[in-house]
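Peer 1: Quick one: sequence and predicted model below, then my questions.
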Amino acid sequence: MELTSENIGLEKISPSQLSTFEECPRLFYYAVWLDLKIDEDQLHLSFGNAIHSAIGALYLEYDDNFGGAWSAGNFENVKKRFLEKWKINNVSETSFNNFLNTRAGRESGFDTREELYKYMKDDGIAMLKSYWSEKERMLVEYGHDLTDFEQYKKVEMHNPEDKSDKLPIPLSMRLDAMNRDKTKIVDFKTSKSKYDETETRKKIQGQCYLFAHLMDTGEFISKFDYIVLRKELKSPDRIEVVQLEYDMADMLAFYFRGKAILVRITQRQFDRPAIGHPGYCNCLKYEEALSVKGIELKVTNHVEGK
């Protein structure tokens, strides 16, 4: 089957969607290719977006007071930005009920969504205070003099060695930030768990950002950092930095990796991984919502005839 946007069934693809396909093609099938909506719980996405926005405000304090650097800055402005984005309506009843169904929710003793909101608000402020206290070290040790926050990119994907060899749909994403001298791209994450550098480097998502910048500008940036703000740690140091570096061979490999995914989508290869598929994968939630195999088979038949 020819690799075209019509045969793929998508107008564009994002880093998270590529990552989802590699982790579980069946989940990709439900959530992305069919665009089924079964759960409008945006709790953690909303919280992460509020943190990202506040980090942008933190670096504005540096830019706005450049003569005195951060010595003239005010953490209250960072906190204010966070609270402008993180409001009680971000914690819906659905989000709260989903939280109560987790082990952490059962152990929390929370009775209302207001309690969960306040808990996450206080934790977010603690994370941002940690970043504020570590900002000079981040600048000196990691070169995190950050600017150009939340840049949207939608780029053609072509073979880095042959521009005539290109894919039929673009790569679409938001870059969280770059350093001022354009030698490093960074992505912010919030997480309870520590990131493993080796496993993180293998994942396709981080490479997407470097590849997109290359496609957009023709200039290759080799360095990529995940800045992880850790949730619910007792330690006041909540910041973890995972430094990754790639070369042009990685960008060429990424192109063919992405192409292989699009070929599999065109061929409707949406089976679960035969090995290593976790029992908590959200593909199971979709199948529960679709009420069993009869509806699933109908959807599958629709896909094959699409």
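Peer 2: All right, it came through fine.
Peer 1: dump the residue contacts of Gly206.
Peer 2: Listed by C-beta atoms under 8 Å, 6 or more residues apart in numbering, the contact partners of Gly206 are Asp187, Thr200, Phe224, Tyr226, Leu244. For every residue, glycine as well, the C-beta is placed using N, CA and C.
Peer 1: Would you reformat the residues you listed as a markdown table and include pLDDT?
Peer 2: Listed next are the contacts of Gly206 as a markdown table, based on pLDDT from 0 to 100:
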| residue | pLDDT |
| --- | --- |
| Asp187 | 95 |
| Thr200 | 92 |
| Phe224 | 96 |
| Tyr226 | 95 |
| Leu244 | 96 |
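Peer 1: Skip the chain neighbours and tell me the closest residue to Ser133.
Peer 2: Nearest in space to Ser133, with sequence neighbours left out and distances taken as C-beta to C-beta, 6 or more residues apart in numbering, is Pro236 at 7.4 Å.
Peer 1: actually Leu36, not the one I typed
Peer 2: That would be Tyr30: by C-beta to C-beta, 6+ apart, it lies 5.1 Å from Leu36.
Peer 1: The one you found looks like it's in a strand, true?
Peer 2: No - counting by DSSP: H, G, I helix; E, B strand; the rest coil, one finds Tyr30 to be helix, located in no strand.
Peer 1: Next up, the contacts around it.
Peer 2: If you count contacts by C-beta under 8 Å, 6+ apart, then Tyr30 has Leu36, Ile38, Cys283, Tyr286, Glu287 around it.
Peer 1: And the helices in the stretch 51-200 of the chain, which stretches?
Peer 2: 75-85, 93-100, 103-108, 113-142, 197-202 (DSSP state H, counting those that start in this stretch).
Peer 1: what about the longest one, average pLDDT?
Peer 2: When the per-residue pLDDT values of helix 113-142 are averaged, the result is 94.
Peer 1: Show me what that helix is packed against.
Peer 2: Contacts defined by 3 or more C-beta pairs under 8 Å, 6 or more residues apart in numbering; DSSP states H and E place helix 113-142 against helix 43-64, helix 75-85, helix 93-100, helix 103-108, strand 223-230, strand 239-245.
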